[in-house]
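[1] Could you work out the structure for the sequence below:
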Amino acid sequence: MFHLEDKISKERAANMNGIVLAFIGDAVYSLYVREKMAFTCDAKAGELNRMTAEKVKAAAQADLLEKLLPEFTEEELAVYKRARNSKKGTKAKSSTVAQYNMSTGFEAVIGYLYITGATERLNELLGFEETR
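    Residues are numbered from 1 along each chain as shown. Presented below is the predicted three-dimensional model:
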């Protein structure tokens, strides 16, 4: 039986497809932003959804990534590059191809950290803008 708190080894995670890591990271990042908005804003669900969409779109993730890249470890950078350079089954909708590729890499790093249980590091990266 699988449980949400179940994690995998770094070795196994490093061998996972970068797009699969991004798939997980997309959900983790979206939940993070949704919770942050819900806990810190006194807004109705429709407004929270609009604000969340602005934060999680590829262009916004690419902007955040540019600030985070110098903070990445070698391991995180390797995950990022692998996912960024992966062949994707979908195309960028409201962003450039470069932004979409960057956001895929960003999401892969988030997914990698989440599935390996590196919550402290995950919180550090996700809270990066708040500490600057």
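
[2] chain center to stretch 50-60, what's the gap?
    Remark: stretch 50-60 is offset 12 Å from the chain centroid, using C-alpha atoms, centre = their mean, to the nearest Å.

[3] Using CSV, list the CA coordinates for that stretch.
    Below are the C-alpha coordinates for stretch 50-60, written out as CSV (Å, rounded to 0.1, in the frame of the first residue of the first chain):
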residue,chain,number,x,y,z
ARG,A,50,-6.8,33.6,-10.4
MET,A,51,-3.9,34.6,-8.1
THR,A,52,-2.7,31.0,-8.0
ALA,A,53,-2.8,30.7,-11.8
GLU,A,54,-0.6,33.8,-12.1
LYS,A,55,2.0,32.3,-9.8
VAL,A,56,2.1,28.8,-11.3
LYS,A,57,2.1,29.6,-15.0
ALA,A,58,5.3,28.8,-16.9
ALA,A,59,6.4,32.4,-17.3
ALA,A,60,6.2,33.1,-13.5
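
[4] ok, and what's touching it?
    26, 29-30, 33-34, 37, 41, 43, 92-96, 99-100, 102-103 (C-beta atoms under 8 Å, 6 or more residues apart in numbering). To be clear about C-beta, it is placed using only N, CA and C from the backbone, and glycine gets the same treatment.

[5] let's go with 7 Å and repeat that
    Here stretch 50-60 makes contact (C-beta atoms under 7 Å, 6 or more residues apart in numbering) with 29-30, 33-34, 37, 41, 92, 94-95, 99-100, 103.

[6] Stretch 20-33 now?
    By C-beta under 7 Å, 6+ apart, the surrounding residues in contact with stretch 20-33 are 52, 55-56, 79, 83, 104, 107-112, 114-115, 126.

[7] quick check: longest helix of the chain.
    helix 18-40 (DSSP state H).

[8] quick one: average confidence on that one?
    Average pLDDT, helix 18-40: 94.
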